[in-house]
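**Student:** This is a predicted model, with the sequence first.
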Amino acid sequence: MTTAGTATTGPPTDVGTGITSPDTATDTGGHSATPTDADSGGVTVWLTGLPSAGKSTLARELAPRLRAAGRRVEVLDGDEIREFLSAGLGFSREDRHTNVQRIGFVAQLLASHGVTVLVPVIAPYAESREAVRERHRAAGTSYLEVHVATPVEVCSVRDVKGLYAKQAGGEITGLTGVDDPYEAPVDPDLRIAAHEQSVSESAAALESLLRERGSA
Ligand SMILES: Nc1ncnc2c1ncn2[C@@H]1O[C@H](COP(=O)(O)OS(=O)(=O)O)[C@@H](OP(=O)(O)O)[C@H]1O
Ligand SMILES: Nc1ncnc2c1ncn2[C@@H]1O[C@H](COP(=O)(O)OP(=O)(O)O)[C@@H](O)[C@H]1O
């Protein structure tokens, strides 16, 4: 197992599942390096995690770094996708699954043409994420699952969009990680304790994994 980054506190605990993640700020999982789309060099990097975990921030930090290294990069951000490709979908289990499958479809297409596709989307259900991984595997397209593992206690203080406050105030229900499920990845390709290191350190860890897998 490869590790990267720095940890300043003890092991983070994945919210809502009781699963304890490794004791470093970043931890690569046991998935084999299978860049079978080697000709194109494309890859999908799915950044899963709670609202305000830092998924979009990490994608925005990483994208220009990869472009500077000569990669073609697209970011499929959850909010934008929900405005267009997934307009009309809500946050039921079924709608979230549909949303994630649509994004997985587009990501795989782009990655199969050599694009590095960064996907900062919650994707709370393991089954949905597995289906996306399987789509990539079947097509021979590289895929990495990255868990942005900021705990709910930190996310709810950040509360970028005020959703945690709204849930606490009874204005909304079904908020991921609070009163809606978040099934944390058991064996992601990389787990980033984004609350224990800087954005730049998180991006560097991910960039180094991509390089290791031949995708950066
Ligand atoms: N109920 C509820 N639960 C979770 N998230 C909510 C909810 N309502 C709105 N939002 C906001 O929707 C943003 C996009 O969600 P996603 O498409 O990433 O979610 S999902 O994968 O389909 O579950 C997501 O963006 P991020 O905060 O960037 O993760 C949320 O801010
Ligand atoms: N180490 C860190 N990594 C990522 N984001 C951080 C970090 N420290 C603070 N933040 C802040 O946390 C917030 C995360 O928001 P965002 O990236 O939109 O989360 P998400 O896309 O997961 O909902 C941003 O305001 C970001 O500046």
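**Tutor:** Now that the structure is in, tell me what you want to look at. Numbers count the residues shown, from 1 in each chain. Ligands and ions are numbered 1, 2, ... in the order given.
**Student:** so the residue positioned nearest the centre of the chain bridges to which residues?
**Tutor:** Nearest to the mean C-alpha position of the chain, by Cα atoms, centre = their mean, lies L47 at 1.0 Å. Beta bridges link L47 to P120, V146, judged by DSSP bridges.
**Student:** who's in contact with it?
**Tutor:** K55, L58, A59, L118, V119, P120, V121, V146, V148 (Cβ atoms under 8 Å, 6 or more residues apart in numbering). No exception for glycine: its C-beta is placed from N, CA and C like everyone else's.
**Student:** Drop anything exposed from these.
**Tutor:** Neighbour-count burial (16 or more other Cβ atoms under 10 Å) is assigned, among those, to K55, L58, A59, L118, V119, P120, V121, V146, V148.
**Student:** From those residues, list the ones also adjacent to ligand 2.
**Tutor:** Residues shared between the buried ones among the contacts of L47 and the neighbourhood of ligand 2 are K55, L58, P120 [Cβ under 6 Å from any ligand atom].
**Student:** Tell me which residue in this protein sits closest to ligand 2.
**Tutor:** Relative to ligand 2, the nearest point of the chain is G54 (2.6 Å; Cβ to the nearest ligand atom).
**Student:** that older thread, for the contacts of L47, give me CSV that also has pLDDT.
**Tutor:** Shown next, in CSV, are those (pLDDT from 0 to 100):
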residue, pLDDT
K55, 97
L58, 98
A59, 98
L118, 98
V119, 98
P120, 98
V121, 98
V146, 98
V148, 98
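**Student:** Which stretches in the chain count as strands?
**Tutor:** For the chain, strands defined by DSSP state E occupy the ranges 3-4, 26-28, 43-48, 73-75, 116-120, 142-148, 190-192.
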